[in-house]
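# need coordinates for the following:
(chains A and B)
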Amino acid sequence: MRLEAKKLGYRYANDAWLFRKFDLSLQQGETVGLVGPSGRGKTTLARILAGYDTPLEGTVMLDGQPLPKRGYHPVQLVFQHPEEAVNPRWRIGRILNEGGQPDPFLLQELGIDQGWLERWPGELSGGELQRFCVARALGPQTRFLIADEMTTMLDAVSQAQVWHSVLAIAKQRNLGLLVISHEPSLIRRLCDRVIEWESLVH
Amino acid sequence: MCKLEVENLSVSFSHYDRGLRQQMVEVIHGLSLSIKAGQIVAVVGSSGSGKSLLAHAIMGILPGNAVMAGRICYGGETLNAQRQATLRGKEMALVPQSVNYLDPLMRVGQQVRIPGADQVQAAQQRNLFERYGLEPGVEQLYPFQLSGGMARRVLLSTATLSGASLIIADEPTPGLHHEAARETLLHFRELADEGRSILLITHDIESALTVADKVAVFYAGTTVEIAAAEDFAGHGERLRHPYSRALWNALPQNQFQPIPGAQPLPGQLPDGCVFAPRCPAASAECSEIKPDMRKLRGGMVRCIHAS
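Predicted coordinates:
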């Protein structure tokens, strides 16, 4: 399977274009890093690929087909701030099951403690919450995972824990990963190839 | 003499458990830390270990349901609520963690300058923006128009422009690209060399080490080790606490090796050492006695086995 962005263009209101004629291609099973300066539209691109925003120009194709408009989205995004990606008035268990019941093996792999399911988001630290966001994004129909600064707010031990689990699951299910990060050593450690944002933007 | 001394600090929160029954949960306990003038002390450690709470306790901006015990001294005198209110923003400045701390209805250039600022300050603000790589137009923007990295640099400018002699920076670099992060830290070093003190709360151990003098390692609401920056080298042989070593070896540029388990939640701490349930070297004794902070090889450690 192949995720392709063709000639994407996006801008906010009448501001300058963030990017135009943006092409990107991601194969199932590969881990690709995306690096570049802040404020240039990396997160916007991630949102478009995952279907949160519609590009003003160009298309996103999955195996030559446009992305589905309803049902489970095969491209899932994990945001930088887990606190802002969960409903603070839902218990963790409900948040976790939002996109379907996750596989118990997955929960174990991510080091999720069953005792946490009864808690509220405000009672868990960022590192613990982010594991739920990852578990929620890794439903059985996920084909591509976009990690937008996924572990930036986590300490090194939690970061290593989360990535080891994600890499193991990605390998097992043959998922494609797009890793957006500012940390060169993390990118070097994780990715098969690296894309420089500047080289793609016209 | 120490600019800032934190002694045996504890912070608890009261919250409603069931119905009207209230419960106290201790989030920080037995925390001690000191900074001299001209020093940068990096605070590293696990997420949710109380690093930001320490910053808020020093600034005196904890929420109303927080109860603090222990002692905080600033410039040799006890820091009470009244003194905190006088010094805040003048002598002590905070670089907060999130963009939500900016006033959403005020242009950023204006809020970086102190109210009623003169032309000189406006010029300083422009210089600072230029130095942090913010384009001249940025000062006219509102916070919602900024990207994460730009907001971070605006927050930094607020604290550095205030002329405060103690700057507490809570995660100043995530979301910044490499050069901008480096520039920020180098600027902190310059400020420290002018005699200011900086408490640098961060996850980015590698960059923090390039500028810090001392490193305090936090775990589950307390300091487990205070080490010189040089001790973080190789496989962490010179580090004193097993958690510090685990943290160092988990970095992607080192072994990227996680340890199993999770940090205990506040209110559910083990009876003995807080790290004992995850510690590879834990003995029966470790789960019984709470170790005290003790001096070891020029640093401090909270572990009975460290040598």
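# let me know whether the longest helix seen in chain A sits next to chain B.
For chain A, the longest helix by residue count, based on DSSP state H, is helix A:156-173. Yes: applying Cβ under 8 Å from any Cβ of the partner chain, one finds that helix A:156-173 is in contact with chain B at A:Ala156, A:Val157, A:Ser158, A:Gln159, A:Ala160, A:Gln161, A:Trp163, A:His164. Bear in mind the C-beta positions are built from the backbone N, C-alpha and C, glycine included.
# what does that helix contact?
A:29, A:31, A:106, A:109-111, A:127, A:130-131, A:134, A:138, A:142, A:145, A:147, A:150-151, A:154, A:175-177, A:186, A:190, B:46-47, B:203, B:205, B:246-248, B:250-252, B:256-259 (Cβ atoms under 8 Å, 6 or more residues apart in numbering or on different chains).
# now it: mean pLDDT?
Mean pLDDT, helix A:156-173: 92.
# element containing B:Leu200?
For B:Leu200, the enclosing helix or strand under DSSP states H and E is strand B:197-201.
# which other helices and strands contact the helix or strand that that strand is followed by?
Per DSSP H and E, the first helix or strand lying C-terminal to strand B:197-201 is helix B:205-211. Applying 3 or more Cβ pairs under 8 Å, 6 or more residues apart in numbering or on different chains; DSSP states H and E, we find helix B:205-211 packed against strand B:40-45, helix B:178-193, strand B:214-219.
# how about 7 Å then?
strand B:40-45, helix B:178-193 (3 or more Cβ pairs under 7 Å, 6 or more residues apart in numbering or on different chains; DSSP states H and E).
# dump it to CSV, restricted to CA.
The C-alpha coordinates for helix B:205-211 follow below in CSV (Å, rounded to 0.1, in the frame of the first residue of the first chain):
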residue,chain,number,x,y,z
ILE,B,205,19.3,16.2,28.4
GLU,B,206,21.9,16.3,25.6
SER,B,207,21.5,20.0,24.9
ALA,B,208,21.1,21.0,28.5
LEU,B,209,24.4,19.4,29.3
THR,B,210,26.2,21.7,26.8
VAL,B,211,25.3,24.7,29.1
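# how about the residues of chain B by chain A?
B:45-48, B:147-150, B:174-178, B:203, B:205, B:246-247, B:250-253, B:256-259, B:262 (Cβ under 7 Å from any Cβ of the partner chain).
# now list the buried members of those.
Neighbour-count burial (16 or more other Cβ atoms under 10 Å in any protein chain shown) applied to those gives B:45-48, B:147-150, B:174-177, B:203, B:205, B:246-247, B:250-252, B:256, B:258-259, B:262.
# returning to what we had before: list the buried residues for the longest helix of chain A?
A:156-166, A:169-170.
# skipping adjacent residues, who's closest to B:Ile304 in space?
Nearest non-adjacent residue to B:Ile304, counting by Cβ to Cβ, 6 or more residues apart in numbering or on different chains: B:Pro291, 5.0 Å away.
# now do the contacts for the one you found.
B:Cys273, B:Arg302, B:Cys303, B:Ile304 (Cβ atoms under 7 Å, 6 or more residues apart in numbering or on different chains).
# who wins for neighbours among those?
Taking other Cβ atoms under 10 Å in any protein chain shown as the neighbour criterion, B:Cys273 ranks highest of those with 28 neighbours.
# need the pLDDT of the residue lying closest to it once chain neighbours are set aside.
On the basis of Cβ to Cβ, 6+ apart, the spatially nearest residue to B:Cys273 that is not a chain neighbour turns out to be B:Cys286, at 4.7 Å. pLDDT, B:Cys286: 92.
# for B:Ala276, same thing?
pLDDT, read off for B:Ala276, is 93.
# what about it, neighbour count?
Burial of B:Ala276 is recorded as 23 neighbouring residues (other Cβ under 10 Å).
# and the residue of the stretch 51-200 of chain B nearest chain A?
Residue of the stretch 51-200 of chain B nearest chain A, by Cβ to the nearest Cβ: B:Gly149 (2.6 Å).
# now do the contacts for that residue.
Going by Cβ under 7 Å, 6+ apart, B:Gly149 touches A:Ser38, A:Gly39, B:Gly175, B:Leu176, B:His177, B:Ala180.
# tell me who's in contact with the closest residue to A:Asp63 other than its chain neighbours.
Leaving aside its chain neighbours, A:Asp63 sits nearest to A:Met1 (5.3 Å; criterion: Cβ to Cβ, 6+ apart). Contact analysis of A:Met1 by Cβ under 7 Å, 6+ apart lists A:Gln28, A:Leu62, A:Asp63, A:Arg143.
# take these and write them to a markdown table, including neighbour count, distance to B:Ile28 and secondary structure.
Formatted as a markdown table, the contacts of A:Met1 follow (neighbours: other Cβ atoms under 10 Å in any protein chain shown; distance: Cβ to Cβ, whole Å; DSSP: H, G, I helix; E, B strand; the rest coil):
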| residue | neighbour count | distance to B:Ile28 | secondary structure |
| --- | --- | --- | --- |
| A:Gln28 | 16 | 46 | coil |
| A:Leu62 | 18 | 48 | strand |
| A:Asp63 | 11 | 52 | coil |
| A:Arg143 | 19 | 43 | coil |
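# which of those has the weakest pLDDT?
Lowest pLDDT among those: A:Asp63, 90.
# mind checking how far it is from A:Ser25?
Applying Cβ to Cβ, to the nearest Å, the value for A:Asp63 to A:Ser25 is 12 Å.
# now swap in A:Trp17 and tell me
In terms of Cβ to Cβ, A:Trp17 sits 21 Å off from A:Ser25.
# same check, this time on A:Gln130
28 Å.
# could you count how many residues lie near B:Ala42?
Counted by other Cβ under 10 Å, the residues lying close to B:Ala42 total 25.
# how about the contacts made by it?
B:Ala42 makes contact with B:Leu200, B:Thr202, B:Ala208, B:Ala212, B:Val215, according to Cβ under 7 Å, 6+ apart.
# if you set the cut-off to 6 Å instead, what comes out?
Neighbouring residues of B:Ala42 by Cβ atoms under 6 Å, 6 or more residues apart in numbering or on different chains: B:Leu200, B:Ala208, B:Ala212, B:Val215.
# what does B:Asp170 give?
By Cβ under 6 Å, 6+ apart, the residues touching B:Asp170 are B:Ser52, B:Ala55, B:Pro96, B:Gln97, B:Ile201.
# do you have the strands of the chain handy? List them.
No chain was given, so I picked chain A. Applying DSSP state E to chain A gives strands spanning A:2-10, A:19-27, A:31-35, A:57-62, A:65-66, A:75-78, A:144-148, A:176-180, A:193-196.
# the chain in question should be chain B.
Using DSSP E, the strands assigned to chain B run over residues B:2-18, B:21-36, B:40-45, B:66-74, B:77-78, B:92-95, B:166-170, B:197-201, B:214-219, B:222-228, B:294-296, B:299-301.
# Throw those strands into a markdown table and include distance to B:Leu134 and mean pLDDT, thanks.
Output for the strands of chain B, formatted as a markdown table (distance: least, Cβ to Cβ, whole Å; pLDDT from 0 to 100):
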| stretch | distance to B:Leu134 | mean pLDDT |
| --- | --- | --- |
| strand B:2-18 | 30 | 88 |
| strand B:21-36 | 29 | 90 |
| strand B:40-45 | 23 | 94 |
| strand B:66-74 | 31 | 93 |
| strand B:77-78 | 37 | 90 |
| strand B:92-95 | 15 | 92 |
| strand B:166-170 | 17 | 93 |
| strand B:197-201 | 21 | 95 |
| strand B:214-219 | 30 | 95 |
| strand B:222-228 | 34 | 94 |
| strand B:294-296 | 44 | 92 |
| strand B:299-301 | 38 | 93 |
